[in-house]
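# Here's a sequence, model it:
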Amino acid sequence: MDEKTLTLRKAVLGESHMDTLMSMNNLAEDCRLLMKYQEALRLDQKTLDLREKFSNEGKDISQERNIKYTLITVRNLIKDCEALALYKKTLELKVKYDFLEKKIKNPNDITDEEVQDEADLLGKELKSIKEAEDDEKNIIPPKFGLD
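Okay, the predicted model is just below:
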């Protein structure tokens, strides 16, 4: 639903309109709730970029209100980054737990191939997370228009 709303608002109001940015924020929140942290991070970064552009164009919005919404967007970016870090640690622990659980239940049934499969699975997940962390490094601190 939020995806549809965002698409319509972009078409009718334009990409940098405050209502469009609010819809982008809502879609990013949906992504966080669905544990799609990379997508949430991408949307929040885009929202921040557009909020800064919006502010720099001198649109008819109070500076206090713009700072408030920019602050919310930055807070959401922090959530995304924290979630990605926690997800990574959770995944590492889950793989370790699953392996140890199998080892306790059937110590003679675990083959080297199964250990390698677990390691490969973890490697793929960690690569995906590493890409998200690289995206995180490209986050530009907001300019609050107070220079």
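
# make it CA atoms for all contacts and neighbour counts henceforth
Fine.

# Please point out which parts of stretch 86-100 sit buried.
In terms of neighbour count (16 or more other CA atoms under 10 Å), stretch 86-100 has its buried residues at 87, 88, 92.

# element containing the second one?
Per DSSP states H and E, residue 88 falls inside helix 63-105.

# so what does that helix touch, helix or strand wise?
Here helix 63-105 touches helix 37-56, helix 112-137, going by 3 or more CA pairs under 8 Å, 6 or more residues apart in numbering; DSSP states H and E.

# per-stretch mean pLDDT over those helices, give me the minimum one.
Comparing mean pLDDT across the helices and strands packed on helix 63-105, the weakest is helix 112-137, with a mean of 68.

# Which of the three states applies to residue 35?
Residue 35 carries the three-state label coil when classified by DSSP: H, G, I helix; E, B strand; the rest coil.

# Count the neighbours of it for me.
15 (other CA atoms under 10 Å).
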